[in-house]
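A.B. asks: Give the three-dimensional model of this entry:
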Amino acid sequence: MTVWSVWTQRNQARLNKPHSTLSQIAPSAKARLDEFSAAQPVASPSQRSPRASWQPPPSDLYKINYDAATFQHEGKSGIGVIIRDSHGAAIASLSQLVPCTYQAADMEAIAANRVLEFAREIGINEAILEGDSSLVHLALKRGEHSLSPFGLLVEDIKLSSASFSKLLYSHTKREVNKVAHGLARHAIHVLDYVV
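C.D. replies: Below you'll find the model as predicted:
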């Protein structure tokens, strides 16, 4: 406000119009600032939302967290999986390198399908499939059919899920899915896959 007042008074003096003296500028600027501040709405104290954290599955299910990563410069992608029981204990994990890159949503769908194959390989048939791709999650929940490349990948996931006696889908935030994300990022350091 002070700079604006000085500038305005300078222009008034330059145009031979009535203007304030230098000693009047500071109190005038403070009065305008006070008036402006009083007209502003009172800001309510911001309420921090609680940090999201991983939630264990019910005792009769396993939770399968998965994620995918793309390494554009290397022309490769990675899949990360962690399977935990109702106590949060890690049952199995997988970090797998995929020798080509895909669009992010396509890679997430490929990862979801690979995860289900991996779970079946180790004998899990009742689980919650949890990832941070809202696109994959919504496609699985809706059950719509699509002939797009992504739609065909979702159909593969549905076929893989048919061998489970119980399979639920869950969406989570990236910060909650950080173990699977770390395993997906680690895939660039493995030749094929590490269990």
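
A.B. asks: Give me the distance between stretch 56-69 and the centre of its chain.
C.D. replies: In terms of CA atoms, centre = their mean, to the nearest Å, the centre of stretch 56-69 is set 17 Å apart from its chain centre.

A.B. asks: my bad, stretch 18-28
C.D. replies: Per CA atoms, centre = their mean, the displacement of stretch 18-28 from the mean C-alpha position of its chain is 54 Å.

A.B. asks: residues in contact with that stretch?
C.D. replies: Identification of contacts with stretch 18-28 by CB atoms under 8 Å, 6 or more residues apart in numbering yields 2, 5-6, 9, 12-13. In this view, the C-beta of every residue, glycine as well, is placed from N, C-alpha and C.

A.B. asks: which parts of it are buried?
C.D. replies: 20, 25 (16 or more other CB atoms under 10 Å).

A.B. asks: swap in stretch 66-86?
C.D. replies: 66-70, 76-84.

A.B. asks: Output it as CSV, restricted to C-alpha atoms.
C.D. replies: Extracted in CSV, the C-alpha atoms of stretch 66-86 (Å, rounded to 0.1, in the frame of the first residue of the first chain):
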residue,chain,number,x,y,z
TYR,A,66,0.6,-53.8,-6.6
ASP,A,67,2.1,-50.9,-8.6
ALA,A,68,3.8,-50.3,-11.9
ALA,A,69,6.7,-48.0,-13.0
THR,A,70,8.0,-47.0,-16.4
PHE,A,71,11.6,-46.3,-17.2
GLN,A,72,11.4,-44.3,-20.4
HIS,A,73,15.1,-43.8,-20.9
GLU,A,74,15.7,-47.6,-20.6
GLY,A,75,12.6,-48.5,-22.6
LYS,A,76,11.5,-50.8,-19.8
SER,A,77,8.8,-51.1,-17.1
GLY,A,78,8.6,-52.6,-13.7
ILE,A,79,6.0,-54.4,-11.6
GLY,A,80,6.0,-54.4,-7.8
VAL,A,81,3.8,-56.6,-5.6
ILE,A,82,3.5,-57.2,-1.9
ILE,A,83,1.1,-59.7,-0.4
ARG,A,84,0.3,-59.4,3.3
ASP,A,85,-2.0,-61.2,5.8
SER,A,86,-4.5,-59.7,8.3
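
A.B. asks: Could I get the average pLDDT for it?
C.D. replies: Average pLDDT, stretch 66-86: 95.

A.B. asks: Let me have the buried residues of stretch 66-86 in CSV, adding secondary structure and distance to residue 29 as columns.
C.D. replies: CSV is the format used below for the buried residues of stretch 66-86 (DSSP: H, G, I helix; E, B strand; the rest coil; distance: CB to CB, whole Å):
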residue, secondary structure, distance to residue 29
66, strand, 59
67, strand, 55
68, strand, 57
69, strand, 54
70, strand, 54
76, strand, 61
77, strand, 59
78, strand, 59
79, strand, 61
80, strand, 58
81, strand, 62
82, strand, 60
83, strand, 65
84, strand, 62
